[in-house]
Structures are given as C-alpha cells and as structure tokens.
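Visitor: Just need the structure, nothing else, for what follows:
(2 chains)
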Amino acid sequence: MQVERGELVSFLGPSGCGKTTTLRVVAGFEKPTTGQVRINEEDITNNPPNQRNVGMVFQAYALFPNMTVAENIGFGMKVAKKQANEMSARVDEMLDLIHMPGFGDRYPYQLSGGQQQRVALARALALSPEVLLLDEPLSALDAKIRVSLRQEIRSIQRELGITAIYVTHDQEEALSLSDRVVVMNLGKIEQVGTPFQIYNFPETEFVAQFVGVLNAVQAEVVDPGSNRLKLDGQQVQTAQDLSKWRAGEKVVVAIRPERFSFVSEQVKANLLECRIENITFLGSIVRVQVRINDYTMYMDTFNNPYLELPKIGDMVKITCSREAVLILK
Amino acid sequence: MKQSRIWSWIILIIGIFYFFLPLFSVFEFSMRMVKDKYTFQAYIVAFSDKAFYENFGFSMLWAILTIIVSLALIVPTAYWVHLRLRRIKPLIELITLMPFVVPAVVLSFGLIRLYGKPPLVLTSSPLLLIVGYVTLSMPYMYRAVDTGLRAIDVGTLTEAAQSLGAGWATILFRVIFPNLRVAILSGVFLTFAIVMGEFTFASLLVWPAFGPYMEEIGAMRAYTPQALSVVSFALTWISIGLLQRIGRGAPGQGQIAGTR
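Guide: You can find the predicted model right below:
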C-alpha cells in the first residue's frame, strides 16, 4: 500500500477489521509482524513513535487537560525546544487555521467537542508532520458538527498539502473526504480505489455490501457470449464480459437500489417482474422493497410528491441498465 | 417528602453527635487542667515540652521521606500497570491490600527478623522504618493514584504526547503527573496522616516519633495527651483542607474528552 504525497487516503471497514491497527503501526504504537513502514523511502518500522514525525488526531481528542489550548498546540514545539517567539507565532497561525483565534488561554474543558477536536488537529499539525494520521476523529461528535468538521479537515489538508491517512467506519465520511479509499475486512485489504470506483464498481461482495446499500443476489449464467444471466427465472443482461464463465455456472450479481426504475412503456430489456413489499420514506429518497420470487431487493427513487407510487402488494415491473448489473468476484 | 426531610435531619444530627461528641469531650477535658476553669494550660504544657518538638520533627521527617519513596515507587508502577500491564492489575491490587491483612506488629517483627542479620542489616538504619511506613501507607497511596489514573485516559494521553515527540520523562512530568495532582496529593496527605500517628513501627524499631511520644505522655499525664490528640486532629484537618483547596485550583481535572 502506497500513499502519495498530499493525498488523503481513508481506511474504511467494520469494527475489528484492522484499520486502526494499521494506523497504529504507521504511528509506531504497534509493531508489524511482517512488512515495513516507509516515509519518503526511509524505513521507520523500528523507530519509536516520538521519532517518526507523524501527527495524530485521536477519537477522544486526547488534549492535555492541565494545559491551555495554546500550550496544547505548542506542546510538540516545546518538546522540540523551539524558540518562544517562533512557538507563539506558530500557535497563533494554527489558531487562525482552525478559526479559533482568541481561544489560546482557554482550557480543554471550556471547549465544545468540535472545538476540542479542532485544537487536537492544530496540535497535530503544528510540527508540520510528514504524515497526518486521523483515527475516527469525528466519531464522538454529533451529526451536524461531523459534517462541517469533516469539510474543514479536508480543506485544511488540501490547503497545507499534507499527506493524511484517515480511519473511519463511516462510509459517507470516507467517500466524501478521500482521494482514495481502502476498504478492509478481517485484516485484509478488499479494494483500493477512488470513492467513485469503490461505490460504482465494487470488486468484492464485501465491498459492495459494506459501501452503500446493495442488492446482491445469486444468478445463473445463461449465455456467456451475449452476457445473459438468469435471475430467479427472469433474464437480465450485464455489460460485463462473461466469457470466463460457462453456461449454468452461478455468479453473484450486484445492483445498486438507485439504478432501478419503474418500467416505462418503451423499455424492453432487463425487465424484472416483482411484488411491492414495503415502501419507506427517507426524505429525499423513497426506498421501495420488492420481492422477486425468493429474493428481496431494494429500489430507490427520488421523492416526488406529484408522482404516485404503487401500493404495497401491487405487481410491478422494474428495470436497470446493463451497466448496472455487476458481477462480483 | 416532608417526612423524609425530617428523617434526613434526624440522621444528620445523630451522625454529628456520634462523630463530634467524643472529639468535643476530649477537647473539653483537655481544657480542664486548671481546677474549675477552662484554660489552654494543657496545650501550653504540651507545646513547652522540648521532646514534643523533637518527636514531632522526627515524625515529620519520616513522613516526608516515606512520601518521597512512596511516590517514586508507586506512581510509576501504577502508571505502567494502567498503560501496559492491565492483566496483572488484580494481582497488584491484591499486593497493595496486604498491609490491611497483615497487622503492623507482624510486619515490623518480620522486617526485624529479615533485616536484623546478615547479609543485609538494616535495623540500625532509619531506612527500615521508612520501608515499613511505605508498606503501611501503600494501600492508601496506590488507591489514590489508581483512582486518579482511572479518571484520565492514560493510554491515549501517552500516545498523544509520544506522537508529538515526547519521551518518557516528558510524558511523566509534563502530562501524567500534572493530571494526577489531586490524586497524588490525596495519597500524600493520607500517608502524612498515617505516619504522623503511627506507633507500632517506631516503637518496635526504637526510633523517636510522635506516636510513641503520645503514648509515653499518656502514661504519665492526664490532660496533655488529650491536648495532643486535639492537635493531631487539627493537623489532619488542616491537611484535608489544604488538599481541597489545591484540588479546586486544578484546571480540567477528570475531564479528558467530551464537552463540559
């Protein structure tokens, strides 16, 4: 795994998948059983954490309660024995960066959660580290602050051009923040790609299931030449090449709910007949749960108060494009 | 509601009587040295005795030395147990409870037997007394420090300091100790109070101290020991008052994460 200079890479995965452990290996808090950690081609695998020049932001903020905001931000520089005037200028610069000028004399307990995390970010950045590590920094914050702070983190990271590794279990956070996303499961990397690639072209069933809502069902290859499959008795066509499969073989097919739509008169391909099982209003989106024989699938449609939706129990036809039918590894 | 308030007051008054009546009686008795008159004569006698200052001074010295050794031994141990050896925490807690189980007499005889003969003879050195006092005050000091460590996220604070380039000495003296100030102070004052009033170790190891002095005075005089008891209570309370005052001034104690 290689992270480019100035890139923000997110490690995304469920609890216990090893994403935080990976981050801690980079920080030097854990020793890897195999492999190396290199920064600028320098092997730092055996360097202690205080000799790696990496900044870290923790989920629990970890501000030193006995120090003021300014002392917290200046801690690393004090340890590095920087000049007092240099330190003070840098602290002011950092306070400006996090939009908290005038907060230098306050103690951590006098700040809100979001403010504490911004101070923690400033503290980690004050020493201009080679790599910034962020371990679920927004998990302890409420939803609104989370969204605004993640935008702030991204803009600061871009402004400083700092290389950053971000650990999260929140897919929305990972997709919205990152240049690249590393999806992990059971201690292994499942897929590395841009948020666009990860969401639209998941390579494994795990990635497909973990990132976003997904319909993953088993289908049978009918005709590899024309990329035709049979999905519980109904035929669908994929844009993916099926030549490596033989007719009759089973494959896992994935279709995102938003790729489905109710059938208009003109459409004749990839028609699936199904029964409406449930309709859930989610604000901007309405999620329709449909049943195709043995499979339950989801279909998302934009909320339109002037569009009449079918009723629960109605038989309807839905469709999706050939490109929406993905074959998973 | 009204009924429960009445009961609260009754319980409070009983409590006050239970705790303060004996103390008041001691104080009242200590004032009756001169017949038919309340005076501070017993206190004047106590304070005019040169031996009082000598023994009090020795106890102060033992207390200070005990506190220094205790802090040097227990704070880093408790910190390390919290940080890296969480699995052996129950064992450490059990060890620190041993002085409660083993009586001071047994402990002091054990020390005399062990260190009274070669290869390590310490019976003539005050070091043995200090070792005894450290052992005796260990449950209090350990528990105080342990409570302080539980209140802060030791692991994350240590890692945060490490990631900012700090070494172990900086982490301990600039991050951990200042955040344990109140806990350490409570351990210090408890140790101080224990050593100031301790009798068994000083008596059996034959070192001058306030405890044996009070016992000696008690055997010879009637009013002065009562005055000394009141003085020793006052000293303890002053210690607790100091602790409260210093603790109040500590910013952000017990608050590591989250909003206020």
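
Visitor: So in the chain, which helix runs the longest?
Guide: Going with chain A. Selection of the longest helix in chain A by residue count, based on DSSP state H, yields helix A:143-160.

Visitor: actually it's chain B I care about, not the one you picked
Guide: helix B:50-83.

Visitor: And the helix or strand just after that one, what's buried?
Guide: Later in the chain than helix B:50-83, the nearest helix or strand by DSSP states H and E is helix B:89-101. Neighbour counts over helix B:89-101 (16 or more other Cβ atoms under 10 Å in any protein chain shown) mark B:92, B:96, B:99 as buried. Any C-beta I mention is one placed from the backbone N, CA and C, and that applies to glycine too.

Visitor: which residues are contacting helix B:89-101?
Guide: Helix B:89-101 is contacted from outside by B:77-78, B:81-82, B:85, B:107, B:135-136, B:138-139, B:142-143, B:146, using Cβ atoms under 8 Å, 6 or more residues apart in numbering or on different chains.

Visitor: could you redo the residues you listed as CSV and give each row neighbour count and pLDDT?
Guide: Shown next, in CSV, are those (neighbours: other Cβ atoms under 10 Å in any protein chain shown; pLDDT from 0 to 100):
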residue, neighbour count, pLDDT
B:77, 15, 92
B:78, 26, 93
B:81, 20, 93
B:82, 21, 91
B:85, 12, 90
B:107, 18, 86
B:135, 21, 90
B:136, 22, 90
B:138, 21, 92
B:139, 19, 92
B:142, 23, 94
B:143, 19, 93
B:146, 21, 93
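
Visitor: Quick check: which ranges of chain A have low pLDDT?
Guide: Applying pLDDT under 70 to chain A flags the ranges A:265.

Visitor: hang on, the earlier thing: can you tell me which of the buried residues of helix B:89-101 lies closest to chain A?
Guide: Within these, the smallest distance to chain A is 23.3 Å, found for residue B:92 (Cβ to the nearest Cβ).

Visitor: ok, that closest one to residue A:207 distance?
Guide: Going from residue B:92 to residue A:207 by Cβ to Cβ, to the nearest Å gives 45 Å.

Visitor: One more: residue A:29?
Guide: Applying Cβ to Cβ, the value for residue A:29 to residue A:207 is 28 Å.

Visitor: follow-up on the earlier one: if you count contacts, what does the longest helix of chain B end up packed against?
Guide: Packed against helix B:50-83 by the contact rule (3 or more Cβ pairs under 8 Å, 6 or more residues apart in numbering or on different chains; DSSP states H and E) you find helix B:89-101, helix B:126-151, helix B:154-163, helix B:181-197, helix B:210-220.

Visitor: Give me the more crowded residue out of residue A:29 and residue A:207.
Guide: Neighbours were counted for residue A:29 and for residue A:207 using other Cβ atoms under 10 Å in any protein chain shown; residue A:207 has more, 27 against 18.

Visitor: Work out for me the element that one sits within.
Guide: For residue A:207, the host element (DSSP H and E) is helix A:205-210.

Visitor: As CSV, could you dump the C-alpha coordinates of the helix or strand following that helix?
Guide: Using DSSP H and E, the next helix or strand after helix A:205-210 towards the C-terminus is strand A:215-223. Extracted in CSV, the C-alpha atoms of strand A:215-223 (Å, rounded to 0.1, in the frame of the first residue of the first chain):
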residue,chain,number,x,y,z
ASN,A,215,-28.8,-5.9,-3.8
ALA,A,216,-26.6,-8.9,-4.0
VAL,A,217,-28.3,-12.0,-5.4
GLN,A,218,-27.2,-15.2,-7.0
ALA,A,219,-27.8,-15.6,-10.7
GLU,A,220,-27.1,-18.3,-13.3
VAL,A,221,-25.1,-17.7,-16.5
VAL,A,222,-27.3,-18.4,-19.4
ASP,A,223,-25.2,-17.3,-22.4
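
Visitor: Could you list the paired strands of the following helix or strand past strand A:215-223 along with their orientation?
Guide: With elements assigned by DSSP H and E, the helix or strand that comes after strand A:215-223 is strand A:228-231. With DSSP bridges as the test, strand A:228-231 is paired with strand A:215-223 (antiparallel), strand A:234-237 (antiparallel).

Visitor: Need the contact partners of strand A:228-231.
Guide: With Cβ under 8 Å, 6+ apart as the test, strand A:228-231 has contacts from A:217, A:219-222, A:235-238, A:242, A:251, A:253, A:272, A:292, A:295, A:325.

Visitor: again with stretch A:262-269
Guide: Here stretch A:262-269 has contacts from A:237, A:271, A:301, A:310, A:316, A:317, A:318, A:319, A:322, using Cβ under 8 Å, 6+ apart.

Visitor: in stretch B:119-136, what counts as buried?
Guide: B:122, B:123, B:128, B:129, B:130, B:131, B:132, B:133, B:134, B:135, B:136.
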